[in-house]
Every structure is written in C-alpha cells, then in structure tokens.
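> give the three-dimensional model of this entry:
(one chain, ligands or ions: 5)
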Amino acid sequence: MKELPTHTQASVPRRRSSAWTVARRFAALALLGVISLHSTTTTTTHESLLDRVYDAVHQLKWKSTVLSKDPHERALQLMDRQPVIDGHVDLEILSRYYYANDLDAFDLRRETRGQVDFPRMRKGKMGGFFHSVFVPCPEDEGYPSENRSNFTTPTWRVRDTLEQIDTAWLLIDKYNDQFELTLTAREWRKAMRRGKFGGMLGVEGGHQLGSSLSTIRTYFDLGVRYITLTHTCHSALADSCGYVERPSAHDLVAGTPLAPRWNGLSSFGRTAVREMNRLGMMVDLSHTSPKTASDALSHSLAPVIFSHSNARGVHSHSRNIPDSILRRIGSIDSRRKGTFNLSEDGEKGQGWGADTGEVDKPVPSGDVLIMLNFSPTFVSEWSDGSGPRANVSLMADHAEYIGRLAGREHVGIGSDFDGIEDVPEGLEDVSKYPNLIAELLRRGWSDAEVMGLTSGNLLRIVEKVEAVARQHGHDKPSYEVFSGRTDLVKHDKPPI
Ligand SMILES: *[C@@H]1O[C@H](CO)[C@@H](O)[C@H](O)[C@H]1NC(C)=O
Ligand SMILES: *[C@@H]1O[C@H](CO)[C@@H](O)[C@H](O)[C@H]1NC(C)=O
Ligand SMILES: *[C@@H]1O[C@H](CO)[C@@H](O)[C@H](O)[C@H]1NC(C)=O
Ligand SMILES: *[C@@H]1O[C@H](CO)[C@@H](O)[C@H](O)[C@H]1NC(C)=O
Ligand SMILES: [Zn+2]
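Numbering: from 1, shown residues only. Ligands and ions are numbered 1, 2, ... in the order given. Alright, predicted model coming up:
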C-alpha cells in the first residue's frame with residue numbers, strides 16, 4: 001500500500017553549521033535570561049506578550065537543535081518539542097483506591113506505588129494527560145444492574161464522580177507549580193511551553209451521568225472534556241462491548257459479547273452526542289460496542305476519540321477496534337480509500353462490520369483519534385496461550401497497524417497508567433514513552449508523524465471539537481429527559 005502524506009506536516013529541520021548553532025543557542029539563552037528576569041516582575045496583563053516570547057524562544061531552541069541520528073536521542077529531542085499528552089491516566093484511581101482520596105498520604109514529587117509521578121513524567125517527556133475521573137459500573141460496586149432496571153437505578157455514581165473531579169482539582173491545585181488545568185488546546189500548548197503538565201478531565205462511562213443531560217453540562221463546567229459513552233456496562237446512551245476474556249488462545253473472536261440493549265447508540269444517546277458537540281465535550285468510544293462506535297461516527301458533528309483502544313486485527317479482543325472501523329477512518333482521506341488489501345489485514349475480512357459496507361459509511365466530522373492502550377490484555381498474548389503479553393515492539397505493531405488502516409495522523413497514546421497492574425516490558429511507567437517513539441523512528445516513522453502521535457494529533461482534534469462548539473454556540477441546550485425516568489415529569493399541581 002502506498003504511503004500517504006499526513007495532515008500534520010511539521011517542518012523538518014535541516015542541519016546547520018555548528019558556529020551558527022552555537023550563536024543561536026547563545027541568543028536563546030540570553031533571551032531566556034531576559035524572560036526569567038521579566039517574569040518575576042510581570043503581571044497578568046503582560047501574559048500574552050510573555051507567551052509570545054516563550055513561543056519565540058521555543059521556536060528558536062527547536063530550530064537550533066541538531067537532530068541526532070540515534071533513534072532514542074532523536075526521540076527525546078522531538079519530544080522536547082512535542083511532549084506526550086496521554087489520553088487516559090488513572091492517577092485519581094490510585095488516589096481513591098489506595099488512599100481514600102487523602103492527598104497527604106502520597107507524594108507525587110517522589111516515586112509513587114503507581115506508574116505516574118513528576119520525576120518519571122519529566123523523564124518520559126510528558127506534557128500532561130487526561131485525568132480520568134472514573135468510578136466503576138453500578139453492578140461492579142454491588143448495585144443492581146442499571147440495564148435491568150432501564151437505567152433508573154438509584155446509585156451514588158454521580159456523587160462518586162464528583163468526588164473524583166474534586167480530587168483531580170485538589171491534586172492540580174496542590175501541585176500547581178507542576179500541574180495546570182488547561183481547558184482549551186491553546187491553554188494546553190501554552191502550559192507545555194512553560195514546562196508545565198497540562199490537563200483536562202475525562203469521565204469514563206455513561207453510567208456516571210445518572211441518565212441525565214444536566215450532568216454532561218455540569219461536568220463540562222468542571223473541566224471534563226471527554227465522556228466515554230459506556231464502560232464495561234451498557235448505559236442509557238449506548239451499548240458497551242463489555243469486557244470479555246478470550247476463552248482460549250485459539251479462538252478468533254473473544255468470548256461472547258454482551259447482548260445488546262439498544263443496538264448501538266440509543267435515541268437518548270443521539271441527543272447526548274449532539275449536546276456534547278454543542279458544548280465542546282469530546283465523545284469517547286473506547287469500551288463501546290462496534291455498533292455504538294459506528295453510530296457515533298455517523299452521528300457526531302465533531303471528531304470523536306478512542307481514548308485507550310487497540311486493534312482487533314493485531315489482537316482479537318472485544319475491547320479492541322475492528323478492521324472495518326479502522327478502514328472507515330482511513331477512508332476519510334479519499335486517497336487511502338480503495339487501497340485496502342483485506343488479505344493483508346488481521347481479521348482477513350471476517351471481522352465485525354466486514355459484510356455490511358461499514359467502510360463506505362461517511363464520517364461527517366472528518367477526523368478521529370485512536371489512542372493506544374498499554375494494558376497487556378489488549379496488546380497480545382504468549383504464543384502458548386499462557387496469558388497477556390506486551391512489550392515495546394508489540395505496542396509499535398498496534399501503532400503501525402492502526403497507522404496502515406486508519407492513517408498515522410489518527411494515532412495517539414492513551415496508556416491507562418495507574419489503572420492497570422500489568423505493563424508492557426519497556427513501557428513500565430510514564431518515564432518510558434521515549435522507548436516507543438524510538439521504536440517507531442526505527443521503523444521509518446517521520447519526525448512529523450511521531451510528533452503527531454505524541455500530542456500533535458490530539459491537539460488538532462481538540463481544536464476541531466472547539467471549532468464545532470463555536471459554530472453551535474447559539475444552539476439551544478436540549479431539555480430532553482431520559483424516557484425511563486418517572487421522577488422528573490411535568491405536574492399540574494404544586495408539590496405541597
Ligand atoms: C439488558 O436488557 C435487555 C432488555 O431489557 C436484555 O435483553 C439484555 O440481555 C440485558 N443485557 C445485559 C447485559 O444484562
Ligand atoms: C424496560 O423498558 C422496556 C422497553 O421500554 C420494557 O419492555 C421493560 O418492561 C422495562 N423493564 C423494566 C424493568 O422496567
Ligand atoms: C494483497 O496481499 C496479498 C498478501 O500479502 C498479496 O499476495 C496480494 O498480491 C495483495 N493484493 C494486492 C492487490 O495488492
Ligand atoms: C516482544 O514480544 C514478541 C512476541 O513474543 C517478540 O517476538 C519480540 O522479540 C519482543 N520484543 C522485545 C523488544 O522484547
Ligand atoms: Zn478503560
């Protein structure tokens with residue numbers, strides 16, 4: 001298959017003579033000195049000037065960098081320019097489950113018992129992450145299944161989500177010399193230039209909404225910028241793919257998927273997606289059934305994401321994305337359409353959606369992002385079927401595969417760190433991202449392509465989602481009440 005140009009063409013730097021380089025470095029250092037002097041006296045009114053200077057220094061520093069031929073060294077240099085934004089980090093799970101959200105009980109300035117802390121984030125060239133404010137499905141915490149009661153089961157899922165949002169805010173505030181809550185792509189870029197870790201929040205499941213559109217709007221106001229339509233349970237919005245272990249290594253399809261409840265996106269889910277589009281809340285399709293993902297691709301006006309998902313064509317697991325959906329995303333670029341060779345694909349034209357013309361369905365938003373999940377269960381397994389298996393090259397296989405079908409401009413990173421116990425060899429924690437970048441450079445990815453993967457692609461998507469929200473800024477909010485609810489109805493008489 002032909003290589004296609006990417007949407008994100010960063011200028012590739014040329015080598016410069018060493019005298020010129022030294023002169024530029026010197027100038028950059030001098031400027032930095034002026035800025036640090038200036039920043040001690042500046043007030044917020046100077047902010048935009050200061051940002052422009054930071055930007056100029058950043059550009060200058062980049063242009064004076066002579067890129068190494070050594071893949072690891074080069075990866076570090078490229079990541080200095082375009083750090084990793086991880087689409088799915090569960091630091092707030094670490095906080096809740098080990099420490100009951102007592103932030104005095106652990107210190108992110110030292111090595112934690114998890115996979116995420118400042119020393120390792122610096123080493124791994126991180127520019128921040130989406131703080132997942134996840135709480136488990138109702139049935140996983142002893143509540144009755146919401147599916148069985150038509151998504152009207154009273155639970156504490158919304159309170160618990162608010163506790164996790166509060167924890168994210170408290171963490172960001174406690175370490176405000178390191179963390180910053182960045183509510184737009186622009187703010188995130190600015191924070192990274194200043195050497196800070198930006199962050200937005202992500203709600204990992206429709207069950208955290210209490211079957212209400214009001215919570216979507218309120219969560220947005222609290223810094224949430226994506227909602228995963230389901231976790232491992234169905235939600236009022238959509239069907240989940242469940243979480244199904246493969247019965248044995250030799251089965252092509254992983255287990256028996258959950259019986260569908262809505263057959264994809266529910267009618268309430270359609271309204272919710274449009275409400276999210278209006279707000280600038282990203283629709284996340286990790287954990288959803290392929291039909292839900294397909295429906296959302298058709299229905300969303302703004303680009304959707306898979307915040308932590310891999311490819312079924314590499315590892316057949318219900319939590320991974322089928323070939324037909326990857327090819328559909330690839331077809332956004334008309335030059336890629338029609339170039340697919342099914343016999344080279346992992347599912348060999350036998351997977352979900354292969355026979356329903358999935359690949360020919362349009363994607364009105366015109367863009368999608370798939371962020372690679374590091375959990376070994378979704379990466380591969382030992383050839384003797386003895387359990388999950390993951391390492392740097394197997395992760396790179398997923399990146400390459402998704403890149404081949406969907407396009408490299410649609411790949412990002414959503415590790416699931418602090419939410420997974422097992423980790424890939426060579427990608428044990430946030431300090432190890434450069435190993436993956438170096439491997440992709442070794443496999444021929446261009447500088448621009450890996451800088452897209454680290455965060456360029458994600459920031460492009462966030463900007464497009466923001467643009468759709470601006471276009472729809474004057475649309476009315478939806479007042480729809482989920483059809484199963486009997487507590488929120490119009491009355492003729494006053495309550496007392
Ligand atoms: C969900 O509910 C539907 C209909 O009420 C039922 O057919 C289906 O089996 C249920 N699914 C699960 C996973 O409980
Ligand atoms: C759930 O809703 C379906 C369809 O609206 C209905 O047939 C079913 O009886 C409801 N189940 C419960 C437990 O309310
Ligand atoms: C498709 O891939 C197969 C296996 O690699 C190869 O034999 C075949 O020639 C390819 N077909 C096309 C049209 O490229
Ligand atoms: C990763 O695992 C695969 C499959 O077991 C193996 O072939 C490969 O050599 C491993 N790569 C590294 C870098 O360990
Ligand atoms: Zn997850």
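> mean confidence score for stretch 450-470?
Throughout stretch 450-470, pLDDT has a mean value of 98.
> so where is the chain shaky, pLDDT-wise?
Residue ranges of the chain with pLDDT under 70: 1-47, 244-256.
> tell me which parts of it are close to ligand 4?
R389, N391, V392, S393, L394, E425 (C-beta under 6 Å from any ligand atom). C-beta here means a position set from N, CA and C on the backbone, and glycine is covered the same way.
> what residues does the stretch 301-450 of the chain put near ligand 3?
By the rule C-beta under 6 Å from any ligand atom, the part of the stretch 301-450 of the chain lying against ligand 3 is N341, S343, E344.
> quick check: closest non-adjacent residue to the second one.
Here the nearest residue to S343 in space, its sequence neighbours aside, is G349; by C-beta to C-beta, 6 or more residues apart in numbering that works out to 7.6 Å.
> how deep is that neighbour tucked in, by neighbour count?
By other C-beta atoms under 10 Å, 13 other residues sit near G349.
> you'd agree it is up against N341?
No: G349 lies out of contact with N341 (C-beta atoms under 8 Å); the separation is 9.9 Å.
> tell me which stretches of the stretch 51-200 of the chain form strands.
84-89, 126-132, 198-203 (DSSP state E, counting those that start in this stretch).
> show me what the first one is packed up against.
Using 3 or more C-beta pairs under 8 Å, 6 or more residues apart in numbering; DSSP states H and E as the contact criterion, the secondary-structure elements in contact with strand 84-89 are strand 126-132, strand 198-203, strand 368-372, strand 411-413, helix 457-471.
> export these as TSV, with columns for mean neighbour count.
Conversion of the helices and strands packed on strand 84-89 to TSV gives the following (neighbours: other C-beta atoms under 10 Å):
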stretch	mean neighbour count
strand 126-132	27
strand 198-203	27
strand 368-372	28
strand 411-413	26
helix 457-471	20
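> who wins for neighbours among the residues of the stretch 301-450 of the chain next to ligand 3?
Comparing those by number of neighbours (other C-beta under 10 Å), E344 comes first, having 11 neighbours.
> now do that residue against R327, distance only.
From E344 over to R327 the distance is 12 Å, taken as C-beta to C-beta, to the nearest Å.
> in the stretch 351-496 of the chain, which residue sits closest to ligand 1?
Of all residues in the stretch 351-496 of the chain, G484 sits closest to ligand 1, at 10.8 Å by C-beta to the nearest ligand atom.
> so what's that residue up against?
Contacts here follow C-beta atoms under 8 Å, 6 or more residues apart in numbering; on that basis G484 touches N150, F151, T152, S211, A236.
> double-check that it belongs to a helix.
No: assigned with DSSP: H, G, I helix; E, B strand; the rest coil, G484 falls outside any helix and is coil.
> restrict stretch 341-356 to CA atoms and write it as CSV.
Below are the C-alpha coordinates for stretch 341-356, written out as CSV (Å, rounded to 0.1, in the frame of the first residue of the first chain):
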residue,chain,number,x,y,z
ASN,A,341,-6.0,-5.2,0.8
LEU,A,342,-8.2,-7.4,3.0
SER,A,343,-6.0,-10.5,2.8
GLU,A,344,-3.2,-8.5,4.5
ASP,A,345,-5.5,-7.4,7.3
GLY,A,346,-5.6,-9.1,10.7
GLU,A,347,-9.3,-10.0,10.6
LYS,A,348,-9.0,-11.2,6.9
GLY,A,349,-12.3,-9.6,6.0
GLN,A,350,-14.1,-11.8,8.6
GLY,A,351,-14.4,-9.3,11.5
TRP,A,352,-17.3,-7.1,12.7
GLY,A,353,-18.9,-5.0,10.0
ALA,A,354,-16.9,-6.6,7.2
ASP,A,355,-20.0,-7.6,5.3
THR,A,356,-22.2,-4.5,6.0
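> still on that earlier bit, just the buried members of the contacts of G484?
F151, S211, A236 (16 or more other C-beta atoms under 10 Å).
> could I get the contacts of G484 as CSV with distance to T161?
Output for the contacts of G484, formatted as CSV (distance: C-beta to C-beta, whole Å):
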residue, distance to T161
N150, 21
F151, 16
T152, 18
S211, 13
A236, 15
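> and which of those is nearest to ligand 1?
Distances from ligand 1 to the contacts of G484, taken by C-beta to the nearest ligand atom, are shortest for N150, at 7.1 Å.
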